[in-house]
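Visitor: no sequence on hand, only this structure:
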């Protein structure tokens, strides 16, 4: 086996996050579904940005947040994601490498600018995302560095990447390389809308062994197995053959496989500021724990600790 250089390789949409605090009325005026993520075009991105008021900008993206979280624990993460040769792309690469993440994906030199997600935070801490994908949709198999995949204990991909056909091919290529070198492959389901679009394909990834580890929250797992009952969804996850890391918000988390099911409590958070990245940072702790040989319960506890930390402030880093 190739020497392990990285605890995890995270693959995802490289997106610059733009945060703004808004009142509930703002969402109603814009006809936005609270807590949802929608894709927008360039014109809508400009229009909405102009209405957001004061903002905070941070390099983000679901898998990028997870990679940065692993680095914050003292781990060694790598990241694949596409940014453009522009100002935001420069800032994104600088932020990732500055946090200790190995990031060397070739830049896009064509017409699409670096992606950005405008995140509207309501007083209850819930976030509503408006995402312009731009350059990140051009991630392709050519961007998969075989040496990095082979040297990573786990290759982890966000479900959002299943939309672009070339990104899907890139993940399957990375998964094949990882398994050829005795490594594990993980996916996060990202959101229930993503699950609805690709349910059969995600189930196929589990049944054919492409995915060894699945991350999901309660809503995503129920959507995957088309049930309103959590116990039924957990039983189906147990039968899938994969390890499932399930987040339950204030009720903590579970780790589920055929041999055992463990449940851990959530950490107490005195003041919830922003729920952005809670699932991403849970994955950071869980992946770090697995890579370092933790028992499932300890890995899940570390995931909950990371999630509790990040929701106490604005941003997912």
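Guide: Here it is on my side, so go on. Please read all numbers here as calculations on a predicted model, not as lab measurements.

Visitor: and the closest residue to residue 134 other than its chain neighbours, how many neighbours?
Guide: Take residue 134 and drop its neighbours on the chain: the residue closest to it by CB to CB, 6 or more residues apart in numbering is residue 115, 4.2 Å away. C-beta here means a position set from N, CA and C on the backbone, and glycine is covered the same way. Residue 115 has 27 neighbours, counted by other CB atoms under 10 Å.

Visitor: residue 129 is in contact with residue 115, correct?
Guide: No. Counting by CB atoms under 8 Å, residue 129 is not a contact partner of residue 115; they are 11.8 Å apart.

Visitor: the residue nearest to residue 278 when sequence neighbours are not counted: which element?
Guide: Spatial nearest neighbour of residue 278, excluding adjacent residues (CB to CB, 6+ apart): residue 307 at 4.5 Å. Assigned by DSSP states H and E, residue 307 belongs to helix 296-310.

Visitor: and that helix, what other elements does it pack with?
Guide: On a contact count with 3 or more CB pairs under 8 Å, 6 or more residues apart in numbering; DSSP states H and E, helix 296-310 meets strand 243-247, strand 253-256, strand 261-264, helix 278-291.

Visitor: which of those sits most buried?
Guide: Among the helices and strands packed on helix 296-310, helix 278-291 has the highest mean neighbour count (mean count of other CB atoms under 10 Å), at a mean of 28.

Visitor: where does this protein have its least confident helix or strand?
Guide: Ranked by mean pLDDT, DSSP states H and E, the helix or strand of the chain with the weakest confidence is strand 56-60, at a mean of 83.

Visitor: got the angle for that one vs helix 278-291?
Guide: For strand 56-60 against helix 278-291, the angle by axes from the mean of the first three to the mean of the last three CA atoms, to 10 degrees is 40 degrees.

Visitor: where does pLDDT dip in this protein?
Guide: Scanning the chain for pLDDT under 70 picks out 1, 269-276, 310-317.

Visitor: strands of that one, start to end?
Guide: 6-11, 15-21, 37-39, 56-60, 77-80, 102-103, 115-121, 127-132, 152-158, 184-188, 213-217, 243-247, 253-256, 261-264 (DSSP state E).

Visitor: rewinding a little: any chance of the helices and strands packed on helix 296-310 in JSON lines, plus distance to residue 141?
Guide: Compiled in JSON lines, the helices and strands packed on helix 296-310 are given as follows (distance: least, CB to CB, whole Å):
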{"stretch": "strand 243-247", "distance to residue 141": "26"}
{"stretch": "strand 253-256", "distance to residue 141": "32"}
{"stretch": "strand 261-264", "distance to residue 141": "36"}
{"stretch": "helix 278-291", "distance to residue 141": "23"}
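
Visitor: out of those, flag the one nearest residue 160.
Guide: Residue 160 lies closest to helix 278-291 among the helices and strands packed on helix 296-310, at 11.6 Å (CB to CB).

Visitor: distance from the closest one to the middle of the chain?
Guide: Centroid displacement of helix 278-291 relative to its chain, using CA atoms, centre = their mean, to the nearest Å, is 10 Å.

Visitor: which elements pack onto that helix?
Guide: Other elements packing on helix 278-291 under the criterion 3+ CB pairs under 8 Å, 6+ apart are strand 6-11, helix 62-72, strand 152-158, strand 184-188, strand 213-217, strand 243-247, helix 296-310.

Visitor: brilliant, that's me finished.
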